[in-house]
Every structure is written in C-alpha cells, then in structure tokens.
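> Kindly generate the corresponding structure for this input.
(2 chains)
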There are 2 protein chains.
Amino acid sequence: MSVDGEVSKDIHRPDHPNSVGWVKPQKVVLFKDEPFKFEAGGTLGPIEIEYEVYGERRGNNVILVCHALTGDAHLAGWDTDPQGPIREYRKTKPGWWDQMVGPGKAIDTNRFMVICSNVLGSCYGTSGPSSINPATGKPWGLKFPVVTVGDWARQQYELLNFLGIHKIRAAVGGSMGGQMALELGLAYPDLVDDVIVLSAGHRVTSQGLAFSVVGRHAILKDPDFNNGDYYDGTSPLSGLAVARMMAQITYLSEESMGFKFGRRLQGKDSPDFTLTGIDFELESYLNHQAESFVKRYDPNSYLYLTRAMDYYDAADKWGGGDMATMAERLKARIMVVSFSSDWLFPPELCRELVSGMCLARRPITYVNVPSRYGHDAFLVETETVKRLITCYLKKS
Amino acid sequence: MSVDGEVSKDIHRPDHPNSVGWVKPQKVVLFKDEPFKFEAGGTLGPIEIEYEVYGERRGNNVILVCHALTGDAHLAGWDTDPQGPIREYRKTKPGWWDQMVGPGKAIDTNRFMVICSNVLGSCYGTSGPSSINPATGKPWGLKFPVVTVGDWARQQYELLNFLGIHKIRAAVGGSMGGQMALELGLAYPDLVDDVIVLSAGHRVTSQGLAFSVVGRHAILKDPDFNNGDYYDGTSPLSGLAVARMMAQITYLSEESMGFKFGRRLQGKDSPDFTLTGIDFELESYLNHQAESFVKRYDPNSYLYLTRAMDYYDAADKWGGGDMATMAERLKARIMVVSFSSDWLFPPELCRELVSGMCLARRPITYVNVPSRYGHDAFLVETETVKRLITCYLKKS
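Alright, predicted model coming up:
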C-alpha cells in the first residue's frame, strides 16, 4: 500500500515501449434518475465515477483492477493533467501498478482491456465525503452514506454495464482491492471468469480491525476534525498522520523494517537523546511517510474506506458464517496469493478462504510466496507477482 | 503490561494468608549533596524515590523487582492510602504482581526480602517530569533530564546502597523491567547473583521502536501538549489515549485478540454501520483501556519511559555491538523467559541474548513458553511463570 516513495525508473517513463504512456482519467455520472442504494442504508444520486481504461476490447478480454485503500483509478502511465493539490503527487510518479500494467507487461494491455475505477467514498474523483452535496453546495462530510465493500462491487458492476460489458475475464486486487475482487465474484457470479486476490482475505483479522480502530480514533479525536466538517478550515491532518504512521508499520514486516532501518541513527554517530526530535532513521521515515500522505488524502475518506474493510466478512454475508457455503456461490475460478511475512492479511487467514473453496470443491490456485516484505509484498515482489499473474491468465 | 482490568480474586484479598496485606509505599530522598548525573547528560538533586519492601532481610535474600512501562513500586498487597487522582486505581486492585509476590507465593516474602522502586521519569512517586522543579515551583515538564535504562539501574543500585544492601539474590523484571534487570547485572556485575528477564531483551525490535515512535508522535502532536508544559491546563490525553490503544494491540497476540473479541459486535446482533460510534467489542475494549489509562498516567512520563526503552541497546553499550562481549561482562546467572506469541519482544530477539551468553560460555537458562497471550503472557501465564521462578530460585 505504500505507493509513496516509488521512484521513476526507465521502464516507468511515459515514452518506454512497455508504458501505457500519458493517460487521462475519465469521468462518468451514473444514477442520474434512480439513486444508488447503499448496502448499509442511504441513497445517493447522481454519482460521479473516475476511471481509467487501457487497451482495446476484443471479446471477453476485460480485466478489472480493484485498488487498495490509498490507491486510485490511475493504474498505469502518467496523468496528463493531475487536478487539484490532492493529485499533485501524480506529477512525480506513474500509476500505482505501472510495473504490472502496460503493453507487454503481466497484465498486457496489448491483450487485455484493463479498467480501474476509484471507489465510492475515496477522494480521487469518485463521489465521496469531499464531493459537493448539491443540496448544500458544500462537501458531504460525514453526511455521505456509509459505504461497504458490497457497494464497491455494485459500483464496478454498474460501471461495466455502462461501458456495455457484461462479462469480464478477471477481477484482480490486492489488500482492500482483493476484498473487492472477491466480493465482485460473490455478488455477481456470472460476471467474472477469474478472481485474483493478493494479500487479502474474506475479512480482516482481529489485529487488523484493532489497528483500523485506533487509526480512526486518532482522526476522530483530532480537534480539527469537527465531526467531518473541516473542508472550510484546517483538516485533521495530525490524526491522519498518526493513522498513516501506524498503518505503515503494518505494511512492513519486522524483518523488512530491520534491514531497511534497524536501529540506525539519522545522519549522526550517537543519539541526541531527544524526546521531541528525531534520532533514528525509522522516525524520519515514518514522519516522511505521514507528511507526504496527508497532502494527498482526505481524512474522511480514510474513515469511510477503513470502516468498509472492517465491516466486510464474506463468509458472514454469503455463507451465514460458513466458508464452504460462501465458496459454493462463487462461480469464478480463483487465485489467492499470500506472502509469508504479511501479518495484516496473514497466510493463515488466506488459507481459511482456500479451505472454504476446497470444501466446496471449487477450483482454487493458492500460492504462499516466501517474502520478507510483509503486506507491501504484493506491490514489492514485482517479479513473482508478474509471473504468477502471467501464468495464471495464460493457463485459465 | 495491561495491569488494568485485573479483578480482585480471593487470593488477592488483603486478609488472605498469602497476601502481603496492607502496605504503605515508602519514600527516600537521595542525592541531596551531590546531584544524580544522568547518562544522557544533565544532573538532578535531590531525587525522591518511592519504593516498597516486603519480607525480612536474612543474609543474601533480597530480590529486586523491576517494573514495566506502566507499573510502579506497588508490587503486592493493597495500598493503605493511595495519594492523588493518578493513584486512585490502587483502591480497586492489589499491586501489579500480587499473584507472584507474597508469603508462600513464587517470590516468597517469608523467604525473600522483596524490593521494588518506581523509576526515574515515571509518575508514581519517584522524581519525574510531573515533579516540582524547586527552581520554578512548577513541574519540570520536558526540562526533566532524559532518562535511560542505565539511569534506572543506577537508581536501583543507589537505593540498595541506602538500604545497606550490597549484594542481592536476584533482579527480576518483565518487559521494560526485564531490560532494567539485565542492565543492573551488566552495570553492577558484583551486585546480583541471578537475573531473571521475562518478555524482554537486550533491545527493542525495529517494529517495537516504530510503534513507540508513533505513540510519542500522537502525544507530541496533541494540541494540548504545549511542549510538555500542560500541568496547569488540559493534558494531552487524546494523544496518550491513541498511544495506549496502539500499545495495547502490541501487548496481545492476534490469537488472543481473536478469542477474546474476534469480530463480535458490542451488545447488538447487526452493526449500526457507524463511522464515529462503536460496533465491535474490540472498539469498546480499546476505548475502555485508553480511558482508564489516561486517568492514571502522565503523558510526559510516557515519553520519557518509552524513549528510554528505545535507546537501550545492551550489546552496543557493553559489547561495542557484540553480544558475546556484552555477555562476558555479566557475572550473574541469567534466566530468560520468552513467550511464543510475544511479538513485541519475540522469542527470536530473546534467542540473540541467549546466543550471546552461550558464545561467552556464561550460564543461561532459557525457556520459550508456548502461549497464546502475546506480550501480556508474562503477567497472564501466572502458573507457568510461578513454576519457572520458584524452581529457578530453588535451584540456583
């Protein structure tokens, strides 16, 4: 999930033959007549959706990519014209999955039509708490309906319908995106041929839920939060920074934190013994992560999206708590990829999903990739993920 | 470290034959003539130290217990007269290690003289940032010198000197207390016969350091923090609450969190789908933990003590980075106890210490206790810890 900090390499240059090049995010307004009904209650219409498309449609060749918590529709290539300060970061880096999506890449845009849309509740172009409520002319804030992973699946489904697509080759996602891809397969069993779930599961762990609770607590208790109505004034960025710093720890493993930073001091030979300043590289790293993140993310969106992740429980929703009953519903083939050192969506959790599939005698490909990179591995273990996705899409 | 939430059971009643009964914390003022020199710089004198003593001295029978981050000198029995709102909690529960310390208990006060003192920088009676700076008549705040684990060892040493004790049978501590017990053995090799380290190591892990950084960040960025000078007004309790909630997660294991709370809803059959309210038991638990903690702890003390834990690196300090060189310095026998599911001071870290001892051919007893309770296991796995300590103290 740490899309920050990736630097542009040759292969990511817009003029590289494997890059989708310069791209322009697209917008569509749906639910103009009949409003969108949210799973948890509430309605909204019209709804604006930002999405990107690369590659041409040729038969059943659509791959829908579902983004993670801090991701957006801008999957690959370079944004021609990033709008607003919150999307300023797009000027310095390509789309968040540029290593995977492009002509000749693992998700080959010469072969597939690739679609990614920003989710409801986010702050990157699709309607969310920072969008304007037409009734008041001001941002929705917490009056925006509570969104769920089920709402996101419906959003993808309706966008595909709008694009005239009623069958897709695969839904792919990591972390929150993996939850979404799974939900799409469960909610619309006839829509998807293959579901690819990376670093994700049918629910969050208790520990994952707990971290999420504390992150939101930091935002909610920030005196600038003002019950979500802060768009005219100062945003609760201190709270968001704390949430991000803590989340960042859960994206790395103890091992990767150890070899990246360990106990190394920040540009000094001996510590200053400071209570308020910085002594360790790790402090500097976490501060930097937080600082760059708060510039590009809306605290309310952080509340909405993490809450949706917490509430999601596919076995509860589709199997009355039983994994096998849930799995029976899924018509798509599925590949689940976990990473050995991921403790946010640990292999043990992914194996519950795999067991459910096996019990339901549904086709499942499961790989637990040995990795030192923790949850971030799905974005960092590029070569392995490339090979897995390439082979899986060739085979099936 | 979660001393909150323990309820009084029969064995903890002050009139139980295995209880030390009603106890009165004692105070001593040291460094009246020559001030205490802090390892990281700065001096202070006089220094007030709060401590408790149970049992009679008979030869070399003193056991020094070192408390953890949120602990205090009040080890066992019931405080006759808890002073001030911050010690109000002592009215409802016995000392934090009452299950272990008392007549006939594992650390048997019929056999041993048991001493515990509150550490420098804390808020439970020993000089710390909330103590009054005589020069200004106001609390020290961040003008209190930065404390280290080495300072705590010195503090224990000087208190023992004051009590006329120049040799002790054992130094015992869990978590931060384990760091302190180890340091005492290293700094004063002729003082201690046995060092018992529970759920602790020669340093914190990178992950532990990172959580500590984020917890402090939450306090430092609380608008009520006022650079530590908040004693006249509102304390930065929101920041402290976030720090505590996050720390609480690191004290439990994913498994114990799972079986204690899992995804159970708080007194309801279906979620309210709320962004600002409580739906999960886990949320209620974390909130409750934070609420009770902020009533009894000083945010500045949290900064000082966690920073001391972070800075401590016994191998660096005593072995120039080499564990075996460090271990050669330790004359005491040592027992290290880790718990399989402790991820704050994980078994792998404890084994580094054990390896160092083996390489230095120093006597070491190492036990990795299979436990589901995470870091808290050293307080929760009472029977196992009792047996280990009882046997170890009998044997050696």
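
> Now do the same contact list for the closest residue to chain B within the stretch 101-250 of chain A.
Across the stretch 101-250 of chain A, the shortest distance to chain B (CB to the nearest CB) belongs to residue A:206, at 3.9 Å. Every C-beta, even on glycine, is put in place using the N, C-alpha and C of the backbone. Listed by CB atoms under 8 Å, 6 or more residues apart in numbering or on different chains, the contact set of residue A:206 reads B:254, B:257, B:258, B:261, B:262, B:263, B:282.

> Now the buried members of those residues.
Neighbour-count burial within the contacts of residue A:206 applies to B:254, B:257, B:258, B:261, B:263, B:282; the criterion is 16 or more other CB atoms under 10 Å in any protein chain shown.

> so which of those also contact chain A?
Residues of these in contact with chain A (CB under 8 Å from any CB of the partner chain): B:254, B:257, B:258, B:261, B:263, B:282.

> Can you tell me the SS state at residue A:211?
Using DSSP: H, G, I helix; E, B strand; the rest coil, the structure places residue A:211 in helix.

> Now do the contacts for the nearest residue to it once chain neighbours are set aside.
Sequence neighbours aside, residue A:250 is the residue nearest to residue A:211 in space, at 5.6 Å (criterion: CB to CB, 6 or more residues apart in numbering or on different chains). Residues near residue A:250 by CB under 8 Å, 6+ apart: A:208, A:211, A:343, A:344, A:374, A:375.

> Could you find which two of the contacts of residue A:206 are furthest from each other?
Spanning the widest gap among the contacts of residue A:206 are B:254 and B:263, at 12.8 Å by CB to CB.

> Tally up the residues packed near the nearest residue in space to residue A:298 that is not next to it in sequence, please.
Distances taken as CB to CB, 6+ apart put residue A:123 closest to residue A:298, at 3.7 Å, once the chain neighbours are dropped. Number of residues near residue A:123 (other CB atoms under 10 Å in any protein chain shown) recorded here: 24.

> Tell me who's in contact with residue A:123.
A:86, A:129, A:130, A:297, A:298, A:300, A:301.

> State the distance from the residue nearest to residue A:211 to residue B:68.
Distance, residue A:250 to residue B:68, by CB to CB, to the nearest Å: 24 Å.

> do the same with residue A:292
Residue A:292 sits at a distance of 35 Å from residue B:68 (criterion: CB to CB).

> Give me the more crowded residue out of those two.
Taking other CB under 10 Å, residue A:292 and residue B:68 do not tie; residue B:68 has more neighbours (29 against 14).

> Identify the residue spatially nearest to the more buried one, adjacent ones excluded.
residue B:175 (4.2 Å).

> The one you found reaches residue B:350, doesn't it?
No - using CB atoms under 8 Å, residue B:175 makes no contact with residue B:350, being 12.0 Å away.

> what's the overlap in contacts for these two?
Common contact partners of residue B:175 and residue B:350 (CB under 8 Å, 6+ apart): residue B:200.

> Which one's more surrounded, these two?
More neighbours surround residue B:175 than the other of residue B:175 and residue B:350, with 29 against 25 (other CB under 10 Å).

> Quick check: pLDDT value at the more buried one.
Note on residue B:175: pLDDT of 98.

> where does it sit relative to residue B:49, distance-wise?
21 Å.

> before we move on, what about residue A:147?
On the measure of CB to CB, residue A:147 and residue B:49 end up 55 Å apart.

> And these two? Which one has more around it.
Taking other CB under 10 Å, residue A:147 and residue B:49 do not tie; residue A:147 has more neighbours (29 against 24).

> Quick check, that one in contact with residue A:126.
No - taking contacts as CB under 8 Å, residue A:147 lies outside contact range of residue A:126: 10.2 Å.

> what touches both of the two?
Here residue A:147 and residue A:126 have A:119, A:120 as joint contacts, going by CB under 8 Å, 6+ apart.

> shouldn't residue A:371 be in contact with residue A:378?
No - with contact defined as CB under 8 Å, residue A:371 does not reach residue A:378; the gap is 9.1 Å.

> what about the helices in chain A?
Along chain A, counting by DSSP state H, helices occupy A:149-162, A:176-187, A:206-220, A:237-251, A:254-260, A:281-296, A:299-311, A:314-319, A:323-329, A:347-359, A:377-380, A:382-395.

> Between the ones you listed, which one is closest to residue B:222.
Smallest distance to residue B:222 across the helices of chain A (CB to CB): 7.8 Å, for helix A:237-251.

> Dump the closest one to PDB, restricted to CA.
Output in PDB follows, covering the C-alpha atoms of helix A:237-251 (Å, rounded to 0.1, in the frame of the first residue of the first chain):
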ATOM      1  CA  LEU A 237      -4.000  16.100   9.500                       C
ATOM      2  CA  SER A 238      -2.300  15.300  12.800                       C
ATOM      3  CA  GLY A 239      -4.800  12.500  13.300                       C
ATOM      4  CA  LEU A 240      -4.400  11.300   9.700                       C
ATOM      5  CA  ALA A 241      -0.600  11.400  10.100                       C
ATOM      6  CA  VAL A 242      -0.800   9.100  13.200                       C
ATOM      7  CA  ALA A 243      -3.200   6.800  11.400                       C
ATOM      8  CA  ARG A 244      -0.800   6.600   8.400                       C
ATOM      9  CA  MET A 245       2.300   6.100  10.500                       C
ATOM     10  CA  MET A 246       0.700   3.200  12.400                       C
ATOM     11  CA  ALA A 247      -0.700   1.700   9.200                       C
ATOM     12  CA  GLN A 248       2.800   1.900   7.600                       C
ATOM     13  CA  ILE A 249       4.200  -0.300  10.400                       C
ATOM     14  CA  THR A 250       1.600  -2.900   9.500                       C
ATOM     15  CA  TYR A 251       2.500  -2.800   5.800                       C
END
